[in-house]
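> need a 3D model of the following:
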Amino acid sequence: MRVFVAGAVLSIILAACSQSASNSSAPSMEQLRNATYKDVLQQPVTLQEGRFEGRPFTSTSVTRPVVALAPEIIATGDLTDDDVEEAVVLLAQNSGGSGLFLYFAIVSNHGGAPDHIATIDLGDRIKVVSLDIEEGKLIAELVEHGPDDPMCCPTMKARREWRLDGGQPVQIAATTRPQNGRFSGHLVWGHEARSFRDCDGKRVGWVINDAGTELVEVYEELTSAPYQEMFVEVRGEWVDAPGEGFGADYAESLRITELMRAESEGLGCRLDMNGALFVANGNEPFWRLHIRENGLSMWSMDSPGETMFSAPELSEAGGRISIDASGADSGIHVILEKQRCVDTMSGARYEITAMVELKDERLSGCAIRGL
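Model (predicted):
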């Protein structure tokens, strides 16, 4: 009799544990493929094997609303801080036009049944690279539309993060990653490692050199040890990583098309370019000039403090930029010309030469274009 009672109790305990485990885990893919979702169309839709097809919009039309679940995009984890896992899936909606509108659907486990609790509207024809849940945050790597991208073909990489606040998704972080343009960071060049790491340290890729021999020659001249990092500012394009070889270990590649600046010494990533049209500097004596829309400021080892000048008047002809401004004691005249410039002390490379004329002084140096 005791054995029977003990066995019955054990069966009840095991069943309860099994039910508890079931209720604490995320809905299954089978459940998600047949769940009801809201906030995608005007009325909730129930999928059947991952798809919903509504009625045609008119009696003479063949177009109809369609909602489909992408089974390869799913993340599971606790987003509500209740020790119960949620599932996040990707839904795609089309109503007959060229648009394909994407949504993240957050689905909880409610007594063993799926319950769609929140929706994140991603927009039209966004690409989802990855989706994760970490420490109560939903994290997505996306490819979105840049300023000049056609709707068919987004190119701008972005990382976005959300938390649930009062049951509603709130975006807490967003970082966009342009694919084309100007990039600053650290270059390593060698047989087994040709890498670029941006100044934030968040983007690292294999390097494809389309800038010619200068990039390698400058790296070899300014570094003193194999695989030493060198600061560079370049123009280029982020592309897919190679499918084989050393570059296959990276998530993407930076195709460098132009070397703008290279330094093994100097401020590198720490140079403040915020709001500057140009920053110029030179030696003998050391000087630095910030050129902004609202005024110029110049510092020199021969002069205490900064010398301020008025808002500049700029003119450009034949690739040469002429800048004039007035100061308390005298004016300043600056000529900038796009041609390779070498710092006389450090050997750093710049893309612009600078000539500065003051009341009793003429200075020469190099310049950087502002952001």
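> quick one: the helices in the stretch 1-150 of the chain?
2-24, 29-32 (DSSP state H, counting those that start in this stretch).
> out of those helices, name the one with the poorest average pLDDT.
For these, mean pLDDT drops lowest on helix 2-24, to a mean of 47.
> domain assignment for this structure?
Domain ranges of the chain: 23-54+63-177, 180-268, 272-369, per automatic domain parsing.
> how about those in TSV, adding mean neighbour count?
The way it works is simple: take the backbone N, C-alpha and C, and place the C-beta from them, glycine included. TSV is the format used below for the domains of the chain (neighbours: other Cβ atoms under 10 Å):
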stretch	mean neighbour count
domain 23-54+63-177	16
domain 180-268	17
domain 272-369	16
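> which non-adjacent residue is nearest T344?
N283 (5.3 Å; Cβ to Cβ, 6 or more residues apart in numbering).
> P150 versus the one you found, what's the distance?
Distance, N283 to P150, using Cβ to Cβ, to the nearest Å: 48 Å.
> next: A354.
With Cβ to Cβ as the criterion, A354 and P150 are 39 Å apart.
> cool, and D324?
42 Å.
> check V84 too.
Taken as Cβ to Cβ, the span from V84 to P150 is 42 Å.
> got the contact list for the closest residue in space to L296 that isn't next to it in sequence?
Counting by Cβ to Cβ, 6+ apart, L296 lies nearest to F309, which is 3.9 Å off, once chain neighbours are set aside. By Cβ atoms under 8 Å, 6 or more residues apart in numbering, the residues touching F309 are 295-298, 325-327, 331-332.
> make it 7 Å
295-296, 325-327, 332 (Cβ atoms under 7 Å, 6 or more residues apart in numbering).
> report the contact partners of the closest residue in space to K157 that isn't next to it in sequence.
Among residues not flanking K157 along the chain, R177 sits closest, at 3.8 Å (Cβ to Cβ, 6+ apart). By Cβ under 7 Å, 6+ apart, the residues touching R177 are 156-158, 203.
> A35 and P114 touch, don't they?
Yes: the pair A35 / P114 is scored as a contact, 4.2 Å apart, by Cβ atoms under 7 Å.
> now do the shared contacts for the two.
In contact with both A35 and P114: V107, using Cβ under 7 Å, 6+ apart.
> what about the residue nearest to K157, distance to R203?
Counting by Cβ to Cβ, the gap from R177 to R203 is 6 Å.
> and P114, by the same measure?
37 Å.
> G247 - that's part of a helix, no?
Yes: with DSSP: H, G, I helix; E, B strand; the rest coil as the criterion, G247 is located in a helix.
> if you skip the residues just before and after it, what's nearest to it?
Per Cβ to Cβ, 6+ apart, closest to G247 is W206, 3.6 Å.
> partners of the one you found in the sheet?
Beta-bridge partners for W206, by DSSP bridges, are S195, S253.
> surely Y227 and E192 touch.
No: contact criterion Cβ under 7 Å: Y227 and E192 do not qualify, at 8.3 Å.
> tell me where the model's unsure across this structure.
For the chain, the stretches with pLDDT under 70 are 1-23.
> repeat that with 50
Per-residue confidence for the chain (pLDDT under 50) gives these ranges: 1-6, 9-10, 12-21.
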